[in-house]
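Visitor: Output the structure for:
(chains A and B)
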Amino acid sequence: MSTYILRRVSQSIIVVIGVTLLSFISLHLAGDPTYLYVSERASNEEIAAARVALGFDRPLPEQYLNFVGGMLRGDLGTSLRSRQPAANMVLERLPATLELTIFALVLAISLAIPIGILSATRRGTPLDSGIMLFAMFGQSIPSFWLGIMLILFVGLTLRWLPISGYVPILQPMLNGDFATAIDNLPNALRHLILPGVTIATFSLSRNARLVRSAMLEVLNQDYVRTARAKGLSGRVVVFRHAFRNALIPVVTILGLEFGFLLSGVVVTETVFSWPGVGRLVFNAITQRDIPVVQASVVIFSLVFVTLNLMVDLLYARLDPRIRIG
Amino acid sequence: MSKTFKRLLTLVGAGALALVGPLAVSAQAPDDDTLVIAQSVDVGALEPALIGSRAEANIMAMMFATLYSIDDDGSLVPYLATSYTQSEDGSEWTFTLNEGLTCHNGEPLTAEDVAYSFQRAADPANGFTGNTVGFVLPSVKYLDARADSDLEVTIIMDGPQSEALRLGLLSEVYIHCKDYYESNELAFLAENPVGSGAYRFVEWRRDEYVLMERVDEFTLRQPAFKRILWRVIPEASTRVAELIAGNVDIVANVPPDQVRAINDSGTAQVQAVAGTRRMYVGFQFSEAFADSPGWEALQKTEVRVALQYAVDVPTICIALLGTECERASSMVNPPNDNPNLEPYPYDPAMAEALLDAAGYPRGADGVRFRTVLMGPRGRYLNDVAVVQAIGQYLSDVGVETEVDIRDWASDYVPLIRQKNVGPLFFLGTGGSTWSALYDMADLSSPTAGTNYTNWNNAEWFELWDATQGVDPVTERENVNRMLEIFYNDPPWLLLYFQPDFYGVSNRIEWQARRDEKVLPYYARLAQ
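Guide: Here you go, the predicted model:
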């Protein structure tokens, strides 16, 4: 087990180093980054002075080592626009993104499982076909389009839910203000539904199909047939014998799913004016605030790598075949 | 269907209904005391010396007053100052302030505070890169500022300059109080501003909104609304939906394809104004582009003039921008342009004749020469379609044009900043309604950061230098002559002044301005 852990941790470190390297290179992709830091009307002398002051005149490997050194000290640079530490800006917005991502994950998984089971147990029926058709649409619809349609139909035409905006829950909790968090809860949920559904649709569709295929595979196993032959009711066969085994692949991809949903928030947060990391990244890209982009990429990758590492280690703990393999 | 599944579905449905049902109300519409304005971007920092974009300046201008201001009709009017005088050599401008001014924390606002506002912005130790230090102060040749008395402050600049240009630029420097700004850290100040204008800061939630409240004791402006809520809604469709739903009063940057939806909504209308942003195709003169296709041909004045006739600008406006617009005859906004210059008409036959005469007849394949037109994606109104249309118009007269579209933020901006675009490139540049020289300042020298074409017409630059600080009549004569030079030896293929679309709720009365500023001093509830 310890060899497996060591190998997975080493792989994770390599991934993080790769991400930092790509993130660093992104600053230099569009040429001399000094121009990001000086005014449009700066003279050649001012630009040259800024280049030296910022260290962009040094060899790239040296600049990269300085970047990594700063990262290890928690210094991911300073925003060009706000002059705030880039890492702080990302961490400030992380609760809003986590609220949205967790909501979407819960929504996707809690609906995908019953829908998948229903579809599998009704295989070949119009209900199964209908569910699979919708699942295919759900995986095909671009999230920005779905978001705008939900805004126009649910928000504007029906006026059931807010069109945009955000009410915090996690942030007051982190500040120890649980009363505000509880007060905010109903309104926060109203604001969460449309962006949450937008993000969750793809994941819901994919997982519904995954659960269906896993269930179908298990339902064809001998032990299920044996269970049926023993005279057990369909409900007991499905939930006690088949469902538990069918759930294994779903549990396995939960870590990846969370990372996938995190990556999906960039567009959705922009469409719904959700003040999370996705919006921050989007704005930073359009305003060429490269330190903020770098900080977001590094922090997101750390979250993603850590989650996957934890899931892998947990899975190895649960299933010996993984660590032996 | 088994009972379990039925129960499960019932549970899910009931849960959804329980969540949505009792809460089935739309977002709160604003009350009668609150004006809600939606913009696409948030302020980076509430620091007056870090403001760079128009959206940021709109918010800051309501909290921070200036010495003079640019009125809705483009005229320069007194604000914190009542008047000004110039020294004989035009290098020192002394402003007289209104009596009894205070900042929002109650601190008296005197000449010392005005001088400090300038000095603080200019201090390299603060490392500011906003519009004040990056554009305004270099453009007026700022040297220093001093308080002569409690009510008189002198701004010291290097030599004389056009009066309107200097006054207009100085009107962009936000004034604040010294004691508060001197006694706090930059990072704290960036989130806790204390202003000097008509509204005081109340709350800022990053990427969500800025809330401000009217200062009732402030008598230099008397806006109708007690509060202004500046909401940040980046997606245009969402802004429009919020406007139609009645949750927002003013929306900037309405896409042309949504104008009809707003006008048909019954809750809001679109105001289309001819903006001051000049849109053009630049001809690159840098020899670094000598090997680029078409560069050599484009160095010929006759070719550049010929291409002015090749593009049907009015049709581009109607078909792609959704409104009529007048073709520009120069780089200066009306009414400060040269009235004797007529916009080049769309006349492809003339373009072809001039290209023939310039020594570029059509070849056997119908092509005179080949070139590349670079353009951005995601910066200007329908930019990609406009660039493609221009490329097609040029190809139609035998200048086979390859269109090269680049992402604005990640790709185009770095190329522009390094003047590494061409041989043809599409760009827009902000203009003014109050000074011809302001509009011409993009070409203040052959090496100016904004002279992206690297144009180097000796007569133009001699006249530019000779125009600084001359009397208004001579200035007008020189401007007219320079615009003739520009017209006859064009560094730009002149296009149009970009139209701006604002969505305005029927709840209020408000008139959009030409200069992209959203300053709702005069907004009020509709009768």
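
Visitor: where does the residue in the stretch 101-250 of chain B that chain A sits nearest to land in three-state SS?
Guide: In the stretch 101-250 of chain B, the residue that lies nearest chain A is B:Gly134 (2.7 Å; C-beta to the nearest C-beta). C-beta here means a position set from N, CA and C on the backbone, and glycine is covered the same way. With DSSP: H, G, I helix; E, B strand; the rest coil as the basis, B:Gly134 sits in helix.

Visitor: count of neighbours near it?
Guide: By other C-beta atoms under 10 Å in any protein chain shown, 21 other residues sit near B:Gly134.

Visitor: any idea how far it lies from B:Ala49?
Guide: Shown here: B:Gly134 relative to B:Ala49, a distance of 10 Å by C-beta to C-beta, to the nearest Å.

Visitor: For the residue nearest to A:Leu94 when sequence neighbours are not counted, give me its contacts.
Guide: Closest residue to A:Leu94 apart from its sequence neighbours, by C-beta to C-beta, 6 or more residues apart in numbering or on different chains: A:Val277 at 5.9 Å. If a contact means C-beta atoms under 8 Å, 6 or more residues apart in numbering or on different chains, then A:Val277 has A:Val90, A:Arg93, A:Leu94, A:Ala96, A:Thr97, A:Val265, A:Glu269, A:Ser296, A:Ile299, A:Phe300 as its contacts.

Visitor: try 7 Å this time
Guide: Contact analysis of A:Val277 by C-beta atoms under 7 Å, 6 or more residues apart in numbering or on different chains lists A:Val90, A:Arg93, A:Leu94, A:Thr97, A:Ser296.

Visitor: now these as a markdown table including secondary structure?
Guide: As requested, the contacts of A:Val277 are exported to a markdown table (three-state DSSP):
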| residue | secondary structure |
| --- | --- |
| A:Val90 | helix |
| A:Arg93 | helix |
| A:Leu94 | helix |
| A:Thr97 | helix |
| A:Ser296 | helix |
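
Visitor: what about B:Thr371, is that helix, strand or coil?
Guide: Going by three-state DSSP: B:Thr371 is strand.

Visitor: List the contacts of the residue lying closest to it once chain neighbours are set aside.
Guide: Among residues not flanking B:Thr371 along the chain, B:Gly294 sits closest, at 2.7 Å (C-beta to C-beta, 6+ apart). Applying C-beta under 7 Å, 6+ apart to B:Gly294 gives the contacts B:Phe369, B:Arg370, B:Thr371, B:Pro423.

Visitor: And for B:Ala115?
Guide: Contact analysis of B:Ala115 by C-beta under 7 Å, 6+ apart lists B:Ala145, B:Arg146, B:Ala147, B:Val153.

Visitor: all helices in the stretch 201-350 of chain B, in order from the N-terminus.
Guide: Remark: helices assigned in the stretch 201-350 of chain B by DSSP state H, counting those that start in this stretch are B:236-244, B:259-263, B:295-298, B:301-308, B:313-316, B:348-357.

Visitor: Can you lay out the ones you listed as JSON lines showing mean neighbour count, mean pLDDT and distance to B:Thr96?
Guide: Listed next are these as JSON lines, based on neighbours: other C-beta atoms under 10 Å in any protein chain shown; pLDDT from 0 to 100; distance: least, C-beta to C-beta, whole Å:
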{"stretch": "helix B:236-244", "mean neighbour count": "25", "mean pLDDT": "94", "distance to B:Thr96": "42"}
{"stretch": "helix B:259-263", "mean neighbour count": "16", "mean pLDDT": "94", "distance to B:Thr96": "45"}
{"stretch": "helix B:295-298", "mean neighbour count": "20", "mean pLDDT": "97", "distance to B:Thr96": "52"}
{"stretch": "helix B:301-308", "mean neighbour count": "21", "mean pLDDT": "98", "distance to B:Thr96": "48"}
{"stretch": "helix B:313-316", "mean neighbour count": "18", "mean pLDDT": "96", "distance to B:Thr96": "46"}
{"stretch": "helix B:348-357", "mean neighbour count": "17", "mean pLDDT": "98", "distance to B:Thr96": "55"}
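
Visitor: export those to TSV and tack on distance to chain A?
Guide: Formatted as TSV, the helices of the stretch 201-350 of chain B follow (distance: least, C-beta to the nearest C-beta, whole Å):
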stretch	distance to chain A
helix B:236-244	5
helix B:259-263	10
helix B:295-298	21
helix B:301-308	25
helix B:313-316	25
helix B:348-357	33
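
Visitor: nearest to B:Leu76, of the ones you listed?
Guide: The closest of the helices of the stretch 201-350 of chain B to B:Leu76 is helix B:313-316. By C-beta to C-beta, the value is 30.8 Å.
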